[in-house]
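Student: Sequence first, predicted model second:
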Amino acid sequence: MLADAQALPHLARHDGSPWHLHATDPDAPLAERIRVEVALAFVDVIRSGETDRLRLCEADECSGVLVDLSRNGSKRFCSVRCGNRMNMIAFRERAARES
Ligand SMILES: [Zn+2]
Ligand SMILES: [Zn+2]
């Protein structure tokens, strides 16, 4: 991905932000900039041995993927919507069992 985009990581400091990495020209198309940012993020994830933080959403009938950035690595759903939906299903199942 980085080679395809001819990414050239370099230090940048602008608009009051501290030193950080840029790898594309500021005039590159947005999709290209996002692709390079994602590729750089993958580099860090793989390098730090955290690939188990890349997961499929556990909700029924969802094919979403997620990056678990929680401190204890406990994130299970791709979105609040999926989390709420699965909580509702679990709640209904409990209520049905109890009645
Ligand atoms: Zn910047
Ligand atoms: Zn989901």
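Tutor: Good, I have the coordinates. Numbers count the residues shown, from 1 in each chain. Ligands and ions are numbered 1, 2, ... in the order given.

Student: Gly64 and Val38: what is the separation?
Tutor: Distance, Gly64 to Val38, by C-beta to C-beta, to the nearest Å: 16 Å. In short, each C-beta sits where N, CA and C put it, glycine included.

Student: repeat for Ala5
Tutor: 10 Å.

Student: These two: which has the busier surroundings?
Tutor: Ala5 (16 against 11; other C-beta atoms under 10 Å).

Student: and the protein, which of its residues are near ligand 2?
Tutor: Listed as neighbours of ligand 2 in the chain under the rule C-beta under 5 Å from the ion: Cys57, Ala59, Cys62, Gly64, Cys78, Cys82.

Student: Out of the residues you listed, which is nearest to Glu93?
Tutor: Ala59 (14.5 Å; C-beta to C-beta).

Student: Now do the contacts for the closest one.
Tutor: Ala59 makes contacts with Phe77, Cys78, Cys82, Gly83, Arg85, Met86, as judged by C-beta atoms under 8 Å, 6 or more residues apart in numbering.
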